[in-house]
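Student: my questions are about this predicted structure, shown below with the sequence.
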Amino acid sequence: MRAVTWHGRGGVRVETVPDPTIQDPTDVIVEVTSSGICGSDLHLIEVLAPFMTVGDIMGHEPMGVVREVGREVTAVKPGDRVVVPFNISCGSCWMCEQGLQSQCETTQNREQGMGASLFGYTKLYGQVPGGQAEYLRVPFGNTLPIKVPDAPLDDRYVYLSDVLPTAWQAVQYAGIPQGGSVLVLGLGPIGDMATRIAKHLGAGQVIASDVVPERLARAGATA
Ligand SMILES: [Zn+2]
Ligand SMILES: [Zn+2]
């Protein structure tokens, strides 16, 4: 398959790599149809470069169609359309049961002092092959992939992988009282989504700040 791979500081290439295969009975192979490029991916080609290895497959915001399932997978079947969360969690450990999937005890990277593994995100987070690729091996097929309807287009769903839940969490942690005000600093994808979620959850006034006119215009248009 073709995949986006890491080649040193500032070096990213699309190249041919082996297709992923089912390794555990709960694995799923997803044919990726859309994959976000994250601001966090920029860290990989600069500050987090020491934790990357040449050839690592990047990408942690994918969605696609299930093509193959392990023998113990019952929740999804080939042909199902799914969004894959960037955070790899087992769904059954104590942390997952508390809703703290980012600290999943099954995939936690204790020797690195980090939380759960992430797709395509350095040795600190498990060095798991990422989703800026034609195919992706997804573990925990019964609990991790989110099944979505066959229509409409991918751009209605792909943000479920990272942007929407990350922004949702930020707004929840802000603890805005009903009808209260909030200031969102920065209107990249997460900030933009956070302004929408804050309104959706009942904030009275959402104030946002950015230096990029296009971002201000985009967020203002939905206010
Ligand atoms: Zn991301
Ligand atoms: Zn877990």
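Tutor: Nice, I can see it. Residues are numbered from 1 along each chain as shown. Ligands and ions are numbered 1, 2, ... in the order given.
Student: centre-most residue in this structure?
Tutor: With distances taken as CA atoms, centre = their mean, the residue of the chain nearest its centroid is Phe86 (2.9 Å).
Student: hang on, that residue packs against Tyr125?
Tutor: No: contact criterion CB atoms under 8 Å: Phe86 and Tyr125 do not qualify, at 9.7 Å. Using the backbone N, CA and C atoms, a C-beta is placed for each residue, glycine as well.
Student: shared neighbours of these two, anything?
Tutor: Shared contacts of Phe86 and Tyr125, defined by CB atoms under 8 Å, 6 or more residues apart in numbering, comprise Leu118.
Student: low-confidence ranges in the protein?
Tutor: Low-confidence segments of the chain, defined by pLDDT under 70: 223.
Student: for it, which residues are neighbours of ligand 2?
Tutor: Within the chain, the positions lying close to ligand 2 (CB under 5 Å from the ion) are Ser89, Cys90, Cys93, Cys96, Cys104, Thr106.
Student: any idea how far the last one is from ligand 1?
Tutor: Put plainly, it is Thr106. Applying CB to the ion, to the nearest Å, the value for Thr106 to ligand 1 is 21 Å.
Student: for that residue, give its distance to Gln169.
Tutor: As judged by CB to CB, to the nearest Å, Thr106 and Gln169 stand 21 Å apart.
Student: what do you get for the fourth one?
Tutor: Using CB to CB, one obtains 16 Å as the distance from Cys96 to Gln169.
Student: and these two? which has more neighbours close in?
Tutor: More crowded of Cys96 and Gln169, by other CB atoms under 10 Å: Cys96, with 21 against 14.
Student: right, and the more buried one touches Asn87 too?
Tutor: No: checked against CB under 8 Å, the pair Cys96 and Asn87 is beyond contact range at 10.4 Å.
Student: what about the residue in the chain that ligand 1 sits nearest to, neighbour count?
Tutor: Residue nearest to ligand 1 within the chain: Cys38 (2.9 Å; CB to the ion). Neighbourhood size, Cys38 [other CB under 10 Å]: 24.
Student: OK, contacts around it?
Tutor: Here Cys38 is in contact with His60, Glu61, Asp162, Pro189 (CB under 8 Å, 6+ apart).
Student: if we use 7 Å, what do you get?
Tutor: By CB atoms under 7 Å, 6 or more residues apart in numbering, the contact set of Cys38 is His60, Glu61, Asp162.
Student: from Ala203, how far out is the first one?
Tutor: Computed with CB to CB, the distance linking His60 and Ala203 is 28 Å.
Student: more neighbours: which of these two?
Tutor: His60 (26 against 21).
Student: what does the chain put close to ligand 1?
Tutor: Cys38, Ser40, Asp162.
Student: let's see 6 Å
Tutor: Proximity of the chain to ligand 1 is confined to Cys38, Ser40, His60, Glu61, Phe86, Asp162 under the rule CB under 6 Å from the ion.
Student: next, count neighbours for the nearest residue to the fourth one once chain neighbours are set aside.
Tutor: On the basis of CB to CB, 6 or more residues apart in numbering, the spatially nearest residue to Glu61 that is not a chain neighbour turns out to be Gly36, at 3.1 Å. Using other CB under 10 Å as the criterion, Gly36 is surrounded by 20 other residues.
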